[in-house]
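[1] no sequence for this one, just the structure:
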Ligand code: PEP
Ligand code: MN
């Protein structure tokens, strides 16, 4: 059960509602986000909404049968949109294209990528400064100095930043410089990290775990929301299957399924999803057709020289074609 509280409810009223819900053998979690206040009630018994009567302070009550509650579409019919400011939005009808390198490597690379983005009308740049690498000997990113440099150049150009946070201790030093925190596939169930991201007022995009189910991803999003941050985006980035011909298996099924189950925007990451440069474009277009609210694609001036994930990274020419086709595909989808 989700109880939406009235705006600026006083503490006394809130306590009375909590006590009433507890008396009905429901445990309660109080949630205060950027947009509202909620009480999540969990109990085994059938619940008769009339038992709460017309208690003062309650704006709305919803019975949500899913295990996850706040991210469920069962109580919030309209899709949530994430507003990054300056007219940049993800979801709720706004389609987002995000491009950029796997890793931020230096000023020249950032400047050239931004130039490429501006030429193609793309407003959100991806890039990692803290890189989760399978081998400890691989490049692990430029760290906070890289992010600060990137931020300076991106802000001058009116470009938004999405970048991965790997651990709790990085949140504070990063928060000023990011527009969207990315939670990587290796951290989808790092519940401490999710809890802490619930306390910041910056959007969070959570990637599906490498062996994670859709349900687990939705529960991870529930962690962040219930900790106080409802600016959330889900990302399908491919899962590990028995198939060896591709790096991962981009689960296109997950796109419509998650959009039905949740009110959160759903983004596809075909770069990691398939892991093969020449196949990134068709899978990106397929993601658009499957109903994604955005795509995130790895792009580098010289993929062959990229510090990481070059094998799945598009060059600027390929990226330009992809961006044009993605825009056309999305328009076509809207016109059906
Ligand atoms: C990335 O975005 O470069 C990345 C490491 O992604 P993932 O967590 O999906 O592997
Ligand atoms: Mn990568």
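    Nice, thanks for sending it over. Because the structure is a prediction, the values reported are computed rather than measured. Residues are numbered from 1 along each chain as shown. Ligands and ions are numbered 1, 2, ... in the order given.
[2] name the strands paired with the helix or strand containing residue 181 and say parallel or antiparallel.
    Assigned by DSSP states H and E, residue 181 belongs to strand 180-183. Strand 180-183 has the following strand partners under DSSP bridges: strand 160-164 (parallel), strand 204-207 (parallel).
[3] is it in proximity to ligand 2?
    No. Against ligand 2, strand 180-183 shows no contacts by Cβ under 5 Å from the ion, the least distance being 10.5 Å. C-beta coordinates here come from the backbone N, C-alpha and C atoms, glycine included.
[4] avg pLDDT for that strand?
    Throughout strand 180-183, pLDDT has a mean value of 98.
[5] winner for burial among the strands paired with strand 180-183?
    Stretch with highest mean neighbour count among those: strand 204-207 (a mean of 26; mean count of other Cβ atoms under 10 Å).
[6] for that one, what is the distance to the chain centroid?
    3 Å (Cα atoms, centre = their mean, to the nearest Å).
[7] contacts for that strand next, please.
    Around strand 204-207, the neighbours that count as contacts under Cβ atoms under 8 Å, 6 or more residues apart in numbering are 162, 180-185, 188, 194, 197, 217, 220-221, 224, 229, 231-235, 237, 267, 269.
[8] same question, stretch 36-46
    Contacts of stretch 36-46 with the rest of the structure, by Cβ under 8 Å, 6+ apart, involve 1-5, 7, 9, 14, 17-18, 21, 24-32, 47, 69-70, 226, 230.
[9] which residue, other than its chain neighbours, is closest to the spatially most central residue of the chain?
    Residue closest to the average C-alpha location in the chain (Cα atoms, centre = their mean): residue 205, at 1.9 Å. Closest residue to residue 205 apart from its sequence neighbours, by Cβ to Cβ, 6 or more residues apart in numbering: residue 233 at 4.1 Å.
[10] which residues touch that neighbour?
    Taking Cβ under 8 Å, 6+ apart, we find residue 233 in contact with 82, 90-91, 180, 203-206, 264-267, 293-294.
[11] try 7 Å this time
    82, 90, 203, 205, 264-265, 267 (Cβ atoms under 7 Å, 6 or more residues apart in numbering).
[12] what does it show for phi and psi?
    Main-chain torsions, residue 233, degrees, to the nearest 10: phi -130, psi 140.
[13] for residue 89, same thing?
    phi -130, psi 150.
[14] for residue 45, report the pLDDT, please.
    Among the per-residue scores, residue 45 shows a pLDDT of 74.
[15] that one: how many residues sit nearby?
    Number of residues near residue 45 (other Cβ atoms under 10 Å) recorded here: 8.
[16] regarding it, what is its secondary structure?
    coil (DSSP: H, G, I helix; E, B strand; the rest coil).
[17] so residue 235 is in which element?
    Using DSSP H and E, residue 235 sits within strand 232-236.
[18] mean confidence for that strand?
    For strand 232-236, mean pLDDT rounds to 99.
[19] roughly how far does the residue nearest to residue 205 sit from residue 68?
    Distance, residue 233 to residue 68, using Cβ to Cβ, to the nearest Å: 15 Å.
[20] which other residues reach stretch 314-325?
    Under the criterion Cβ under 7 Å, 6+ apart, residues 97, 99, 116, 120, 122, 277, 280-281, 284-285, 297-303 lie in contact with stretch 314-325.
[21] all helices for the protein, in order.
    11-23, 107-119, 143-157, 168-174, 191-197, 214-226, 254-261, 270-274, 277-289, 316-335 (DSSP state H).
[22] which one of the ones you listed lies closest to residue 137?
    helix 143-157 (17.0 Å; Cβ to Cβ).
[23] residues contacting that closest one, please?
    104, 107, 110-111, 114, 118, 125, 127, 129-130, 161, 163, 173-174, 177.
[24] okay, the angle between that helix and strand 160-164?
    160 degrees (axes from the mean of the first three to the mean of the last three Cα atoms, to 10 degrees).
[25] buried residues in helix 143-157, which are they?
    Using 16 or more other Cβ atoms under 10 Å as the test for burial, helix 143-157 gives 146-151, 153-154.
[26] with stretch 248-261 instead?
    Of the residues in stretch 248-261, 248-252, 254-255, 257-259, 261 count as buried by neighbour count, 16+ other Cβ under 10 Å.
[27] report the mean confidence score over that stretch.
    Regarding stretch 248-261, the rounded mean pLDDT is 98.
[28] ok, that stretch near ligand 1 or not?
    No. Legend: contact between stretch 248-261 and ligand 1 by Cβ under 6 Å from any ligand atom is lacking; minimum distance shown is 8.4 Å.
[29] swap in stretch 102-111?
    Yes. Residues of stretch 102-111 are located near ligand 1 by Cβ under 6 Å from any ligand atom, namely residue 102.
[30] how long is that stretch end to end?
    Stretch 102-111 has its terminal residues 15 Å apart, counting by Cα to Cα, to the nearest Å.
[31] contacting residues for whichever residue of the stretch 1-150 of the chain sits closest to ligand 2?
    Relative to ligand 2, the nearest point of the stretch 1-150 of the chain is residue 102 (3.3 Å; Cβ to the ion). Contact analysis of residue 102 by Cβ under 7 Å, 6+ apart lists 128, 298, 306, 308-309, 313.
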